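1. Give me a 3D structure for the following:
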Amino acid sequence: MISEQTAFDLLQSPPGILCAAAVLDFVLGDPWGWPHPVRVMGWVITHYSQWALRQFKSPLPRKLAGMVLALLLVLGSALSAWVIMRAFYQWTPWGWSIEVVLLASCFAGRSLRAAAEDVLKPLRSGSLLKARSQLSQYVGRDTQTLSEPEVLRAVLETVAENATDGVMAPLFYALLGLGLELFLGLGLGLGLGLGLPTVMVPLAIAYKAASTLDSMVGYRDEPYTHLGWFSARLDDVLTWLPCRLNVFTLGAISGKIQAVWRLCQRDAHQDPSPNSGWSECAYAAILEVQLGGLNSYRGVLKLKPLLGKPYRPITPERIYYALRLMRNSFLLWIWVAIAIWLIGTQ
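-> Numbering: from 1, shown residues only. Prediction:
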């Protein structure tokens, strides 16, 4: 039997904090209206961007302003998380709890599933108009005239892309922090032994800041062409490795690793993003569906590259399978990380 004190000690350990954060995201997610780090990041990005666009009119100053924005937000978010956690550890006996809350806020697994269900439920009940309306809250494309297959494609593409950006990549950086705790923290006092926060949260928060920057200003179109160029490149670089590790994981757990690799090699490079194409190709290969095609953005038609072959139609069941794949990949990474931690601390 594990004593109450031992269980409490385990909960306060870096693996315990990671597991608690994963459970909190699964159970609670991001309730509407609750404080959230991304809302603070969004407020900073919006106000800084408006100021920079008014202040600078030529490309070079806007690029420099964009670099300052990205570096300050990413580093500032990580430092702010550290300071908040340090204060909790100093002033309360529940310092680990703020780590759990902040780390859970970096994972968007429940939110992504809820977004998909918001669209799928009215669609399955025959309300295409309602489904279009719900979809418009989550995607940038025009939804007013989408057919049911186009709505389903939009949902699956959103799941495929955000499974990497919103779930697996933040977990990767949390696990990177866990690795630092294991290989450095036990000897240098970076972990809980000295009443200090772990480094998992600052790293995950830093990635979340980079991802938020990319989603808000990382566009090729004006007025963000120059202001957001550095944010877009930074997100591409930070997502590159976790994206490919996730693609490999998805292929492995689905038993279709060869099909995933072939399709990624053939089609992924057609997408202008160095990461979105890989993520979408992985899901397209496993689900045997085709993603991409003609979309409308503010009345302007844009043709996204076709990824995969339409061996099967996109259905709600296929989308729920994609969500299960995301969850299983997430859990597998956590289980492997904890196993490595337990072996490394023996």
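
2. Where does pLDDT dip in the stretch 151-300 of the chain?
-> Counting by pLDDT under 70, the stretch 151-300 of the chain contains low-confidence residues at 185-196.

3. all strands of the chain, in order?
-> 291-297, 300-307 (DSSP state E).

4. Would you tell me which one of those is buried the most?
-> Of all those, strand 291-297 carries the top mean neighbour count, a mean of 17, counting by mean count of other C-beta atoms under 10 Å. Every C-beta, even on glycine, is put in place using the N, C-alpha and C of the backbone.

5. Partner strands of that strand, with direction?
-> Applying DSSP bridges, strand 291-297 is found paired with strand 300-307 (antiparallel).

6. Now tabulate the strands of the chain in a markdown table and tack on distance to residue 263.
-> As requested, these are exported to a markdown table (distance: least, C-beta to C-beta, whole Å):
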| stretch | distance to residue 263 |
| --- | --- |
| strand 291-297 | 10 |
| strand 300-307 | 7 |
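
7. Tell me which residues touch residue 274, please.
-> By C-beta atoms under 8 Å, 6 or more residues apart in numbering, residue 274 lies in contact with 236, 240.

8. Over to the one 10 residues further on?
-> Contact partners of residue 284, counting by C-beta under 8 Å, 6+ apart, are 160, 263, 267, 290-291, 307-308.

9. Now it: closest residue in space that isn't a chain neighbour?
-> Excluding the flanking residues, the one nearest residue 284 by C-beta to C-beta, 6 or more residues apart in numbering is residue 308, at 3.2 Å.

10. from memory the one you found sits against residue 263, does it?
-> Yes. Residue 308 is in contact with residue 263 according to C-beta atoms under 8 Å; the separation is 5.8 Å.

11. which neighbours do those two share?
-> The contact sets of residue 308 and residue 263 overlap at 281, 284-285 (C-beta under 8 Å, 6+ apart).

12. Let's see which of those residues end up in helices.
-> 281, 284-285 (DSSP state H).

13. any idea which residue sits dead centre in this structure?
-> residue 166 (1.3 Å; C-alpha atoms, centre = their mean).

14. Pull the distance from stretch 339-346 to the chain's centre.
-> When distances are taken as C-alpha atoms, centre = their mean, to the nearest Å, stretch 339-346 is centred 27 Å away from the chain's centroid.

15. could you pull out the helices for the stretch 101-250 of the chain?
-> Under the criterion DSSP state H, counting those that start in this stretch, the stretch 101-250 of the chain contains helices at 109-124, 128-135, 148-162, 169-180, 186-188, 200-217, 229-254.

16. just the ones you listed: most buried one?
-> Highest mean neighbour count of the helices of the stretch 101-250 of the chain: helix 200-217, a mean of 25 (counted as mean count of other C-beta under 10 Å).

17. if we can go back for a sec, out of the helices of the stretch 101-250 of the chain, which is closest to residue 43?
-> helix 200-217 (10.7 Å; C-beta to C-beta).

18. what about residue 69, neighbour count?
-> By the criterion of other C-beta atoms under 10 Å, residue 69 has 22 neighbours.

19. hmm, back to that, make TSV out of the contacts of residue 284 and add distance to residue 55.
-> Formatted as TSV, the contacts of residue 284 follow (distance: C-beta to C-beta, whole Å):
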residue	distance to residue 55
160	38
263	45
267	42
290	45
291	40
307	40
308	45
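
20. what's the nearest residue to residue 224 if we skip its chain neighbours?
-> Leaving aside its chain neighbours, residue 224 sits nearest to residue 217 (4.7 Å; criterion: C-beta to C-beta, 6+ apart).

21. from memory that neighbour sits against residue 229, does it?
-> No. With contact defined as C-beta under 8 Å, residue 217 does not count as touching residue 229 (9.1 Å).

22. returning to that earlier point: between the helices of the stretch 101-250 of the chain, which gets nearest to residue 315?
-> Of all these, helix 148-162 comes closest under C-beta to C-beta, at 6.9 Å.

23. by contact count, what packs against the closest one?
-> helix 109-124, helix 128-135, helix 276-287, strand 291-297, helix 316-344 (3 or more C-beta pairs under 8 Å, 6 or more residues apart in numbering; DSSP states H and E).

24. least reliable of the ones you listed going by mean pLDDT?
-> Sorting the helices and strands packed on helix 148-162 by mean pLDDT places strand 291-297 lowest, at a mean of 89.

25. What lies in contact with it?
-> The contact list for strand 291-297 (C-beta under 8 Å, 6+ apart) reads 140-142, 145, 150, 153, 156-157, 160, 271, 280-281, 283-284, 301-308.
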